[in-house]
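K.L.:
Here is the input, now give the coordinates:
(one chain, ligands or ions: 2)
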Amino acid sequence: MDLGAGLRKALAKITGAALVDEKAVKELVKELQRVLIANDVEVKLVFELSKRIEKEALDRKQMKGLNTKEHVVKAVYDELVALMGEKHSPKIQKQRILLLGLYGSGKTTTVGKLAHFYKKSGLTVGVVCCDVDRPAAYEQLQQIAEGAKVNFYGEKSGKDAAKIAREAVAKAKEDVLIVDSAGRNAFSEELKGELKGIDDVLKPDERFLVVSADIGQVAGRQAREFNSAVPVSGVIITKMDGSGKGGGALSSVGATGAKVAFIGVGEKVGDFEPFDAKKYVGRLLGFPDLEALMEKVKEISEQEQLKPEMLEEKFTIKMFYEQLRAAKKLGPLKNVFSMLGMADVPKEMMEQSEQKLKAYECIIGSMTKQEREDADLVRKSKSRMERIARGSGTKPEDVRELLARFGQMEKMLKEFKHNRGFRKKMEHFMKKGGGANMPFNQ
Ligand SMILES: Nc1nc2c(ncn2[C@@H]2O[C@H](COP(=O)(O)OP(=O)(O)OP(=O)(O)O)[C@@H](O)[C@H]2O)c(=O)[nH]1
Ligand SMILES: [Mg+2]
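P.N.:
Ligands and ions are numbered 1, 2, ... in the order given. Below you'll find the model as predicted:
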């Protein structure tokens, strides 16, 4: 199982648990350790990371507006973000950059992207082809350089990478010099020698290891091997636009201690950005924009769902309807599930829930104002039920089902009202996404 899937599964266990107590948190931490170690993240790093997650997750001082599950998910998220090194701020200054990586990882494409990036930042740029292994490497980079309007250095059919690098360094006057190297199917002594040769004459300021987002498990080992040839100063993850979630990047980072510097998100020269750990970890864990979602949930809870009348008045279908609409505003249910770390909820289940939401809306739309104020009118009358079903293009069973869901929520609210601390619980329930999670999603 790749890292992302493993992490999501571990989190889904806790977000699906009825009770999140110390034991559940400890189990989660153990599971996370297992997943991280299985994915070649260094043991020492895993223990440090999991210790921090446990401490943070068990911290009683939860952020206001988050329930315990969200708090735990957030602890995992925060610590992974911290491990990944926050946001990368590229230095806009004179420098030499060497790219390394296996066949097809995206080195040559990335040379073009980096060239474009630094040129846009106002620096002059030259690129060097030191790939003496791949037959058309020279032409490929030459074309890329033309496209990016930067200078190109190389030697057609040259066989000595170090010599090409030496000559380029002697000639080049540009602020930024970016060197492409050859890949291999697997790391080898030959490649190691080649890279060392280039490194000796180039004396690069940055040595970026280029890895594809879909390499998964082997990333750690690969990173360590390259690091044994030349000290890697940063990782560039390519193909983040593809299906790979980039789980291997965490392992590369773990194995080399180098942080992710940039990510590639497409084949074009502009499909490239400095790395932002928050975005990456969100994607890995299956909630692309955790912070925005949390914010949204909070806002909706405050503005729409926690209306005072809900706490005092009789609960009506009209209010139930407002709940539905508020839940819909949260965006596709998928996002709500994702936010709770349940990214791997079966697709059918989500689709069914979305469809149900739509059907419920139609049914409520076919009710009269009085019926919406007093559900008993419908409950007690078969003919009303039939009329509503006809009007909404559904079956009487659907209307009955909606009434049953409504009844569940009504009952729950009544129970809450008889409890001390009701308001607190109510707030808590609403902030969980209110109607989105509770009565009609079961
Ligand atoms: N979708 C997508 N494709 C990419 C990205 N980066 C590179 N590619 C594609 O991946 C393939 C390999 O890219 P190259 O840049 O030639 O890889 P390389 O590491 O230089 O390969 P070798 O020279 O054979 O070692 C090409 O088809 C690129 O267009 C990316 O960020 N997104
Ligand atoms: Mg190449």
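K.L.:
Per-residue confidence, Asp376, what does it come out as?
P.N.:
Asp376 carries a pLDDT score of 90 in this model.
K.L.:
Count the neighbours of it for me.
P.N.:
Residues lying near Asp376 (other CB atoms under 10 Å) number 9. For every residue, glycine as well, the C-beta is placed using N, CA and C.
K.L.:
Using CSV, list the CA coordinates for stretch 88-95.
P.N.:
Provided in CSV are the C-alpha atoms of stretch 88-95 (Å, rounded to 0.1, in the frame of the first residue of the first chain):
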residue,chain,number,x,y,z
HIS,A,88,10.0,26.6,0.0
SER,A,89,11.2,30.1,-0.9
PRO,A,90,13.6,29.8,-3.8
LYS,A,91,16.6,32.1,-3.6
ILE,A,92,16.5,34.5,-6.5
GLN,A,93,20.3,34.9,-6.9
LYS,A,94,23.3,33.8,-8.8
GLN,A,95,23.7,30.0,-8.5
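K.L.:
So what touches that stretch?
P.N.:
Outside stretch 88-95, the residues that touch it by CB atoms under 8 Å, 6 or more residues apart in numbering are 117-118, 121-123, 175-177, 204-206, 234, 259-262, 274-276.
K.L.:
do stretch 149-166 as well
P.N.:
Contacts to stretch 149-166, defined as CB under 8 Å, 6+ apart, come from residues 115-116, 119, 124-132, 138, 141-142, 145-146, 167-168, 171-172, 174, 179, 181-182, 194, 197-198, 200-202.
K.L.:
Got a ChimeraX select line for the buried ones in the contacts of stretch 88-95?
P.N.:
To isolate the buried members of the contacts of stretch 88-95 in ChimeraX, using 16 or more other CB atoms under 10 Å:
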select :117,118,123,175,176,177,204,206,234,259,260,261,262,275,276
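K.L.:
Which members of the contacts of stretch 88-95 occur in helices, if any?
P.N.:
If you go by DSSP state H, the contacts of stretch 88-95 have 117-118 in helices.
K.L.:
Quick one: end-to-end distance for stretch 212-232.
P.N.:
Using CA to CA, to the nearest Å, one end of stretch 212-232 lies 16 Å from the other.
K.L.:
Do me a favour and average the pLDDT over it.
P.N.:
Averaging pLDDT along stretch 212-232 gives 86.
K.L.:
same question, stretch 404-422
P.N.:
On average, stretch 404-422 scores 64.
K.L.:
Then stretch 157-164?
P.N.:
Throughout stretch 157-164, pLDDT has a mean value of 96.
K.L.:
Likewise for stretch 48-68?
P.N.:
Here stretch 48-68 scores 79 as its mean pLDDT.
K.L.:
for stretch 265-274, same thing?
P.N.:
92.
K.L.:
now the end-to-end length of it.
P.N.:
From its first residue to its last, stretch 265-274 covers 11 Å (CA to CA).
K.L.:
Show me which residues of it are buried.
P.N.:
Neighbour-count burial for stretch 265-274, counted by 16+ other CB under 10 Å, picks out 265, 269, 271-272.
K.L.:
Intersect the residues you listed with the contacts of ligand 1.
P.N.:
With CB under 6 Å from any ligand atom as the criterion, the buried residues of stretch 265-274 include 265, 271 near ligand 1.
K.L.:
So which of the buried residues of stretch 265-274 sit within strands?
P.N.:
Phe272 (DSSP state E).
K.L.:
now, which of the buried residues of stretch 265-274 lie close to ligand 2?
P.N.:
Residues of these in contact with ligand 2 (CB under 5 Å from the ion): none.
K.L.:
Pick out the most distant pair among the buried residues of stretch 265-274.
P.N.:
Spatially, the most separated pair among the buried residues of stretch 265-274 is Val265 and Val269, at 11.8 Å (CB to CB).
K.L.:
Kindly list the main-chain dihedrals of the residue nearest to Gly264 when sequence neighbours are not counted?
P.N.:
What sits nearest to Gly264 in space, not counting adjacent residues and going by CB to CB, 6 or more residues apart in numbering, is Thr238, at 3.7 Å. With angles defined as degrees, to the nearest 10, Thr238 shows backbone torsions of phi -100, psi 170.
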